[in-house]
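Asker: Okay, here's the prediction I keep looking at, along with the sequence it came from:
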Amino acid sequence: MGRQEQVTASQRARYVEILEGLFDATFELKRLQQDASVEKARAETFALAGEVLGIFERSKLQQLMNESHVRILGTQISQTENDQSVQYREALAQNKFELFDIPTLLRQQADTPDK
């Protein structure tokens, strides 16, 4: 019997509930342009534990995280990453290096969409 079979449906549901709360808290702080590093670390650690224990596969965890991102920030994670990538490529093409002079923390806060 594998680890995944030992986890009951109610345990899995409770895990999802907690993980969604951690993802939501992380993205809510990002939405408010506040430091989310502690919440992000908690969510990542909890997600990793679920993966290691066989509660969920990585793809399911990524799906939960993306659903939370859409719920709180209104966009999919891939769209946010793509928008940032385009912004940086355009800045390079136009020799606008000021964007890269901004400290990462401030740049990340500026990248967070207002809601």
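Answerer: Structure received.

Asker: And the pLDDT at residue 23?
Answerer: pLDDT for residue 23: 96.

Asker: start at 606 instead
Answerer: Noted, 606 is the first residue going forward, which turns the last one into residue 628.

Asker: quick one: it and residue 674 touch, right?
Answerer: Yes: the pair residue 628 / residue 674 is scored as a contact, 7.5 Å apart, by C-beta atoms under 8 Å. C-beta: built from backbone N, CA, C; applies to glycine.

Asker: And for residue 637, the neighbour number?
Answerer: Residue 637 is flanked by 13 other residues according to other C-beta atoms under 10 Å.

Asker: What's the biggest helix in the chain, counting residues?
Answerer: In the chain, assigned by DSSP state H, the helix with the most residues is helix 614-636.

Asker: now for that one, which elements pack on it?
Answerer: In terms of contacts (3 or more C-beta pairs under 8 Å, 6 or more residues apart in numbering; DSSP states H and E), helix 614-636 is packed against helix 642-657, helix 663-678.

Asker: in that helix, what counts as buried?
Answerer: Residues 620-621, 624-625, 627-636 are the ones in helix 614-636 that count as buried (16 or more other C-beta atoms under 10 Å).

Asker: Show residues contacting that helix.
Answerer: Contacts with helix 614-636, where a contact means C-beta atoms under 8 Å, 6 or more residues apart in numbering, come from 612, 640-641, 644-645, 647-648, 651-652, 655, 660-661, 666, 669-670, 672-674, 676-678, 717-720.

Asker: Look up the closest residue to the most centrally placed residue in the chain, ignoring the ones flanking it.
Answerer: The residue lying closest to the centre of the chain (C-alpha atoms, centre = their mean) is residue 670, at 5.7 Å. Closest residue in space to residue 670, ignoring its immediate chain neighbours: residue 628 at 5.3 Å, by C-beta to C-beta, 6 or more residues apart in numbering.

Asker: now the one you found: how far from residue 635?
Answerer: From residue 628 over to residue 635 the distance is 11 Å, taken as C-beta to C-beta, to the nearest Å.
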